[in-house]
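K.L.:
here is a sequence with its predicted model. Questions after.
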Amino acid sequence: MSTPPTQALSHTAALILISGFLMLLPFSTDVYQPALPLLPGYFNTTVSTVQLTMSLYAASFAICQFILGPLSDRFGRLPVARYGIGIYFLGTLICMLSPGIEWLIGGRIMQGIGACSGQVCLRSMTRDLYPPQDAGHVIAKASMVMAIVPLVGPLSTGFLVSHFGWRATFILLSIFSGVFLVLVFCLMRETNRNLNPHGTRIAPLLAAYREVLRHPAFIAYGLCGVLSYGALFAFLSGSSFVFMRVLGVSASTFGICFSIIASGALVGSYVCRRLIPRFGLHGTITLGSSLFALSCSTMFGLVLAGIESIVAVVVPMWFFAMAQSINSPCWQAGAVAPFPEKAGSAAAMLGFLVMAGSSLVSWWIGISFNGSIMPLAATMGVISLLLLTSTLVLIPRYGKF
């Protein structure tokens, strides 16, 4: 192991960067929502083809974990962040100028690669800089900033899409990613003080992944992450079609509904910051998963009862967003915590599993859409019950720090 010459990264700079890395993913998905239902008509294609812009985004995000995680262990977090955000910016420009659906899908894949670099740096940087409990608290604090994106993003893009078309979405994303790229170059310093010269060798890498996958704490928290994010991607993939095609609202009204739901995430981030010091990661994620299951089951029950309305979706999904923000810092910090010298590899495996699951769920939502709310409500209901079961069974046994 070698120790690179590093300049200390201040807590303020770390918080700004962690917030930016966190914002990449919701910016790429939430802000994009009002444009989705317009794309089949614009490109003369099917809903399932348009959903590839979500599922292949998630797939590229997942696969690149195995490349970018080890690279961050071998060469550091800084070069991964700089090149990754640069690729994201370029992919956003391609999306904005796309002459056909194939170009849009290609640009979204590049966005997935860039957003992946952000998540790898987020999880490994927090492990570099903070102990597990503090890492969860810092991520929760940054999540309060990140929660502004789904709160304001769809509201603004709903207005922009209604008046200027779907390309306005990517104009907004190009501005954000360009500004953040400048911040990465100006603020970020290397946090990996234990560069691993063997970090990209296949045999040690496979051994590291085996070690990560066999660790019971990783399994416990990682499974929570897969299920939690799977339900989130189900909602992100299906909500715009549910609101705009099933319930018949405009892009602007959908943006308002989505922003109301997203305000629950802001409340959840605040609550999470208060819960972790008192209950720890274990107690906090248990409370979050309970609320998660209750909210998703409520929407499913309402749909089963034949109640399909804006209120029947918005109210339970507000609590779902709150639960998601309570859970997310816990499973992100908990899964990586046992691996101080393999944080990049652990973050890569976690990210792959989470986004691979999300990609499958997004694909399923695309092919199961039948003009009703039922496929979305049933999928989220089943996933939420699996999440609660895994939290109650695995976390108390393997996930206490």
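P.N.:
That came in fine, so what should we check first? Residues are numbered from 1 along each chain as shown.
K.L.:
residue 109 versus residue 317, what's the distance?
P.N.:
Distance, residue 317 to residue 109, using Cβ to Cβ, to the nearest Å: 28 Å. The way it works is simple: take the backbone N, C-alpha and C, and place the C-beta from them, glycine included.
K.L.:
these two: who's more crowded?
P.N.:
In terms of neighbours (other Cβ atoms under 10 Å), residue 317 is the more surrounded of residue 317 and residue 109; the figures are 24 against 21.
K.L.:
list the contacts of residue 122.
P.N.:
Residues in contact with residue 122 (Cβ atoms under 8 Å, 6 or more residues apart in numbering) are 18, 21, 22, 139, 332, 347.
K.L.:
report all helices and strands that the helix or strand hosting residue 39 contacts.
P.N.:
Residue 39 is part of helix 39-43 when elements are defined by DSSP states H and E. Helix 39-43 is packed against helix 47-50, helix 101-129, with contacts defined by 3 or more Cβ pairs under 8 Å, 6 or more residues apart in numbering; DSSP states H and E.
K.L.:
out of those, deepest packed?
P.N.:
Highest mean neighbour count among those (mean count of other Cβ atoms under 10 Å): helix 101-129, with a mean of 25.
K.L.:
what average pLDDT does that helix get?
P.N.:
For helix 101-129, mean pLDDT is 87.
K.L.:
ok, stretch 304-315 next?
P.N.:
Averaging pLDDT along stretch 304-315 gives 92.
K.L.:
cool, and stretch 202-219?
P.N.:
Mean pLDDT, stretch 202-219: 86.
K.L.:
again with stretch 291-300
P.N.:
95.
K.L.:
ditto for stretch 223-233
P.N.:
Averaged over stretch 223-233, pLDDT sits at 92.
K.L.:
and what of stretch 273-281?
P.N.:
What stretch 273-281 shows for mean pLDDT is 84.
K.L.:
for stretch 170-186, same thing?
P.N.:
Summarised as a single mean, pLDDT over stretch 170-186 is 91.
K.L.:
can you list the buried residues in that stretch?
P.N.:
170, 172, 173, 174, 176, 177, 180, 181, 184 (16 or more other Cβ atoms under 10 Å).
K.L.:
tabulate those (a markdown table), appending secondary structure and distance to residue 49.
P.N.:
Formatted as a markdown table, the buried residues of stretch 170-186 follow (DSSP: H, G, I helix; E, B strand; the rest coil; distance: Cβ to Cβ, whole Å):
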| residue | secondary structure | distance to residue 49 |
| --- | --- | --- |
| 170 | helix | 18 |
| 172 | helix | 24 |
| 173 | helix | 21 |
| 174 | helix | 24 |
| 176 | helix | 27 |
| 177 | helix | 25 |
| 180 | helix | 30 |
| 181 | helix | 30 |
| 184 | helix | 34 |
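K.L.:
minimum pLDDT in the contacts of residue 122, which residue is that?
P.N.:
Within these, residue 139 has the lowest pLDDT, namely 68.
K.L.:
count of residues packed around residue 91?
P.N.:
Neighbours of residue 91 under the rule other Cβ under 10 Å: 27.
K.L.:
for the closest residue to it other than its chain neighbours, give me its contacts.
P.N.:
In this structure, residue 91 finds its nearest non-sequential neighbour in residue 110, 2.7 Å apart by Cβ to Cβ, 6 or more residues apart in numbering. Residue 110 makes contacts with 60, 87, 88, 90, 91, 94, as judged by Cβ under 8 Å, 6+ apart.
K.L.:
try 10 Å
P.N.:
57, 60, 87, 88, 89, 90, 91, 92, 93, 94, 95 (Cβ atoms under 10 Å, 6 or more residues apart in numbering).
K.L.:
would you mind measuring from it to residue 334?
P.N.:
To residue 334, residue 110 is 31 Å away according to Cβ to Cβ.
K.L.:
helix or strand right after the lengthiest helix in the chain?
P.N.:
Identified as the longest helix of the chain according to DSSP state H is helix 251-304. Going down the chain from helix 251-304, the next helix or strand is helix 310-336, by DSSP H and E.
K.L.:
and that next one, how far out from the chain middle?
P.N.:
With Cα atoms, centre = their mean, to the nearest Å as the basis, helix 310-336 stands 11 Å off its chain's centre.
K.L.:
need the buried residues of stretch 170-186 in a markdown table with distance to residue 298, can you?
P.N.:
Compiled in a markdown table, the buried residues of stretch 170-186 are given as follows (distance: Cβ to Cβ, whole Å):
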| residue | distance to residue 298 |
| --- | --- |
| 170 | 35 |
| 172 | 33 |
| 173 | 33 |
| 174 | 38 |
| 176 | 34 |
| 177 | 36 |
| 180 | 37 |
| 181 | 41 |
| 184 | 41 |
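K.L.:
which of these sits closest to residue 164?
P.N.:
Comparing those against residue 164 with Cβ to Cβ places residue 172 closest, at 10.5 Å.
K.L.:
look up how far residue 27 lies from the closest one.
P.N.:
Note on residue 172: its distance to residue 27, by Cβ to Cβ, is 8 Å.
K.L.:
do residue 58 as well
P.N.:
Noted for residue 58: a distance of 15 Å to residue 27, by Cβ to Cβ.
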